[in-house]
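1. Need a 3D model of the following:
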Amino acid sequence: MNPNLLSQINSPSDLKKLNRAQLPQLAQELRNFIIDIISKKEGHLGASLGVIELTIALHYIFDTPSDLLVWDVGHQAYGHKILTGRRDIFHTNRDFDGISGFPKRSESEYDAFGVGHSSTSISAALGMALASHLKNEWNKNHIAVIGDASIASGMAFEALNHAGVTNANLLVILNDNAIGIDPSVGALKEYFTAVKKGENHEENNIIRSLNFEYSGPIDGHDFETLLAELSRLKTIKGPKFLHVITTKGKGLQLAEENQVKYHAPGKFDAVTGKIYPKEEDNSPPKFQEVFGQTLVELAKINEKIIGITPAMPTGSSMNYMMDVFPDRAFDVGIAEQHAVTLSAGMATQGMVVFCNIYSTFLQRAYDQVIHDVALQNLPVIFCLDRAGIVGEDGATHHGVFDLAYLSCIPNLIIYAPLNEIELRNMMYTAQLGLSHPVAIRYPRGKGFVQNWHLPFQKVEIGKSIQLENGSDIAILSTGTIGNNVTKALSQVNSKNNFSHFHFPFVKPLDEAALLDIGKHYKKVITIEEGTVNGGFGSLVTSFFQENEIAISVKKLGIPDAFIEQGTVQQLHKICKIDVESLVNYFTTCS
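-> This next block holds a predicted model:
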C-alpha cells in the first residue's frame, strides 16, 4: 500500500491513474488533510467532509474540466480544490491574498462557476448545457451538486422546471444530508426524508414528474455504488437527477454528532474534534447576541412581535426567539424572497415583523422589498445582519451594497447604529409602531459597549448626533465605522480642527444638521462601511449640490471594486477606513 496517495494527486488526471481499490484510502487521506488544516486555521468543515467520496467519484468518472462541475454555495468544495491543483496552497484558504473559500472562476479552470450564495447551481449548469448544444458539443457533461436545503429555494425549482422541458445534458446531484448550516426545514425536506425511508411510491416522485431521469437514493459514502451509478448516468442524455445520501461531518465523530456547531467550528483538536474554547476576554457580546436577546425581551411585552429568518436562525440568533416563542418565530429555509413577502403579509394583519436577513442575502429579495413592502408602505422591520465587511468569507458575503441599493427606495427608513445600545433602542422604537418600513444594519461579530443592557429609550427618527466639536472640518460617519473615527481622532494632534457627526439615519437624512454643517465648515469628510458609489457619502454630496452649498466633500468607504477575503482589519486597511489610515488622512487635512 502506498503510504500517501494524496501527495501524488495534482489534477484529476493523476486521480484517474489510481485503481478503484485505492479510492477509500485516498478518501481517508483527503479527510485527514482537510481536518488537519481547518483545525488550525478555521473554515467550513462539515460540508466538505460529507462529500469526500462523491467529490473523488465525480472527478474519477467525468472528464473535468471539459465536463463542467458546479458546486452549489461551495461550502463543500474543499476536497474539490485540493484534488484540482490547490493542495499545496490549501493552507491559504480564506486568507488575505490566499485562495477563496468558495469556487471561483478566476482561481482555477476546474471552478466552472463562481458561487457563495445558494441555489444557483442548476440554473448555471443548465445554461452551460444549453450553450454546449448550440455549439454542437453533444458529449459534454454538465453537473450541478446541490444540497437538500438549497434545492428547496425557488430559484432551484425554476431551473428544474425549465430543464425538464429541454434535452439538456444535465446531471443534478442532490447531496441529501438533511442540513444546510442549520437543519433543513419544510415539506420538501419531509418528502426527501420519506423517500429515504422508502415511504413514497414511485408514481409520486416529484423529480420524475418534472421529466428527469431519477435514480437513488444511494449511499454517498459507498464508492462501488457511486462509481457504478455515475458511470451509468454518464451514458444517458437529457436531464438526470441522482439522489445521494451523505452525512455532514463524516469521518469526525463530534462533527457528525454536532452538525450545526461543526459547519464552521473555529479551531479544534484534529484528533478528537474537540473545539478549543475561546479565550474569555470580558469583551462586549456579538451584535447577533444583542439582537437575539433584545428580540426576546421585546416579544415578552409585545405579543404581536414575529421573527422571520431565511435559514439562518443560529447565525442571526433568531434561535433565541424560536426557543422561547416557537409559534411566533419562523425559519422559512433558503427563501429570502418568500421571507420578505411573508413578512409583508403578516404586517397587513397588524403583526410587528422582525425579518432578519444577512445584508448580502437581502440582495436576493430586492424586488420584494420594493414591490411587496415599500410600495405598500408596510412597517416591516428588516434587521440586516453582517452589514459591512465580514472578513474571510470574502466578496460573495460582504454586506457593502445595502446602503446604496436601499437608499433609493421610497418610504424606507435606513438606520445604522453606532453600537449595541443604539441597536436595542431602534428595535424598541420600531416595534412601538412606525408608519414606514425600516432597515437596521449592523455588523458581524463583537460590539463596542460592555454595559449595553440598559433601559430602552425611544429614538427620534432622522436625527444625527454630534460626537466631537471642532472648527474647520466636519466628519460625517454612519454606523459602527464611527468608532474607528473616534479612535483616530484621539490620536490626531490638531483634533480641535475636527467635528464628528454620527448619522445613524441614512434615510431620512438630518437635513437641518447638514444645512448647519454647510454654513460653518470648510470641508466635509464622509465615512461609511459601504460602497461609496450611491451610498451615504453620495447622498450627502447630492444634498449639498441640490441646496447650492459650495463645500468640498471627500467620501471614504468601500471603493468601486469587489473586496476579497481577509480579516476585517486587513480589509478595512485596503479600503483606508481602519484607524491607522484615518489618522494619516486626518493629519494631512489638519
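2. Please make it C-alpha for all contacts and neighbour counts, starting now.
-> Fine.
3. Please enumerate the helices of the stretch 351-500 of the chain.
-> With helices called from DSSP state H, counting those that start in this stretch, the stretch 351-500 of the chain shows them at 359-362, 366-368, 402-406, 420-433, 482-489.
4. cool, and the stretch 101-250 of the chain?
-> So, for the stretch 101-250 of the chain - with DSSP H, counting those that start in this stretch - the helices run 121-134, 154-163, 187-196, 206-209, 223-234.
5. Pull the distance from the longest one to the chain's centre.
-> Spelled out, it's helix 121-134. Offset of helix 121-134 from its chain centre (C-alpha atoms, centre = their mean, to the nearest Å): 25 Å.
6. who wins for proximity to residue 120 among the helices of the stretch 351-500 of the chain?
-> Among these, helix 359-362 comes nearest to residue 120, with 13.0 Å by C-alpha to C-alpha.
7. Using a markdown table, lay out the helices of the stretch 351-500 of the chain together with mean neighbour count, mean pLDDT and distance to residue 498.
-> Formatted as a markdown table, the helices of the stretch 351-500 of the chain follow (neighbours: other C-alpha atoms under 10 Å; pLDDT from 0 to 100; distance: least, C-alpha to C-alpha, whole Å):
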| stretch | mean neighbour count | mean pLDDT | distance to residue 498 |
| --- | --- | --- | --- |
| helix 359-362 | 24 | 98 | 32 |
| helix 366-368 | 17 | 98 | 38 |
| helix 402-406 | 21 | 98 | 25 |
| helix 420-433 | 20 | 97 | 24 |
| helix 482-489 | 20 | 96 | 8 |
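8. As JSON lines, these with distance to residue 295 would be great.
-> Formatted as JSON lines, the helices of the stretch 351-500 of the chain follow (distance: least, C-alpha to C-alpha, whole Å):
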{"stretch": "helix 359-362", "distance to residue 295": "19"}
{"stretch": "helix 366-368", "distance to residue 295": "24"}
{"stretch": "helix 402-406", "distance to residue 295": "22"}
{"stretch": "helix 420-433", "distance to residue 295": "8"}
{"stretch": "helix 482-489", "distance to residue 295": "25"}
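9. quick one, which of the ones you listed is nearest to residue 391?
-> helix 359-362 (13.0 Å).
10. before we move on, back to that, for residue 55, which of the helices of the stretch 101-250 of the chain is the nearest?
-> helix 223-234 (10.3 Å).
11. quick check: domain ranges of the chain?
-> Taking automatic domain parsing as the reference, the chain has its domains at 19-257, 287-441, 465-589.
12. By mean pLDDT, show me the worst of those.
-> Note on the domains of the chain: domain 19-257 shows the lowest mean pLDDT, a mean of 93.
13. I'd guessed residue 335 sits against residue 153; true?
-> Yes: with contacts counted by C-alpha atoms under 8 Å, residue 335 reaches residue 153, the gap being 5.4 Å.
14. Looking at these two, which one has more neighbours?
-> Shown here are residue 335 and residue 153; by other C-alpha atoms under 10 Å, residue 335 has more neighbours (23 against 20).
15. So that one versus residue 62, what's the distance?
-> In this view, residue 335 and residue 62 are 32 Å apart by C-alpha to C-alpha, to the nearest Å.
16. again, but for residue 101
-> Residue 101 is 24 Å from residue 62, by C-alpha to C-alpha.
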